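Enquirer: sequence and predicted structure are below.
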Amino acid sequence: MTMHRNFLPVLLALATAGAQAHVALEHQAAPAGSSYRATFQVGHGCGAAPTRQLSVAVPPGIADAHPMPKPGWSLDIQREKLAQPVVRDGRTAADRVARITWTAKTPADMLPGEQYDEFVLAARLPAEPGTLYWPVTQVCEPGRADWVEVPAPGQWPHDLKHPAPALEILPAAGGAHH
């Protein structure tokens, strides 16, 4: 048993290193139909290169998304037309947010390769349970990492080299306020 406890710090260090090896969501599960704070954790740049831009594709099924501004970074919100308008909060919407991009305003604002940061948006989740994938493009100075791979049916997500952050939408809790 003592030998097992000695390996525990090593295993935790390896797990933490693996968790920081890509862009990931802080909370990877949430109830259907709820408001969700998507916090994209960026654990490093592209090698030693600093990150100058992070772009998140908002999955279909997300009706509404609002990015949190970051000091020193500009925001670009791309919208797409919906096939059918929907009613949200008593108003008819003909489009939705399809992509949110944060771009460092100056070289001094870039995220250094050896540092960690978070990029945040708020969204309303679909009413149906399932898995949503959030493809992310991390542009560095120079280089880029496309965290866009989605597992095929039956494929283990950890086998992917550049996995898209995933959110498991759980059945809504009965009677809970969202």
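Expert: Arrived safely, thanks for sending.
Enquirer: alpha carbons only for contacts and neighbour counts from here, please
Expert: Will do.
Enquirer: how much space between the closest residue to Gly130 other than its chain neighbours and Pro59?
Expert: With sequence-adjacent residues excluded and distances taken as Cα to Cα, 6 or more residues apart in numbering, Gly130 is closest to Ile169, at 5.1 Å. From Ile169 across to Pro59, the span is 13 Å (Cα to Cα, to the nearest Å).
Enquirer: okay, those two: which has more neighbours?
Expert: Between Ile169 and Pro59, counting by other Cα atoms under 10 Å, Ile169 is the more crowded of the two (21 against 14).
Enquirer: that one: what secondary structure?
Expert: Of the three states, Ile169 takes strand under DSSP: H, G, I helix; E, B strand; the rest coil.
Enquirer: spit out the contact partners of it.
Expert: 29-32, 125, 128-132 (Cα atoms under 8 Å, 6 or more residues apart in numbering).
Enquirer: which of those residues sits closest to Pro71?
Expert: Leu125 (26.8 Å; Cα to Cα).
Enquirer: sorry, back to before: between the contacts of Ile169, which sits nearest Met110?
Expert: Met110 has its nearest neighbour among the contacts of Ile169 in Leu132, at 28.4 Å by Cα to Cα.
Enquirer: what residue ranges in this structure are flagged as low confidence?
Expert: 1-21, 174-178 (pLDDT under 70).
Enquirer: can you pull out the strands in it?
Expert: 24-25, 29-31, 35-42, 51-57, 64-67, 73-88, 91-104, 117-124, 130-133, 136-140, 144-147, 166-170 (DSSP state E).
Enquirer: what lines up beside the fifth one in the sheet?
Expert: Sheet pairing of strand 64-67 (DSSP bridges) gives strand 117-124 (antiparallel).
Enquirer: common neighbours of Ile169 and Pro59, please.
Expert: Leu132.
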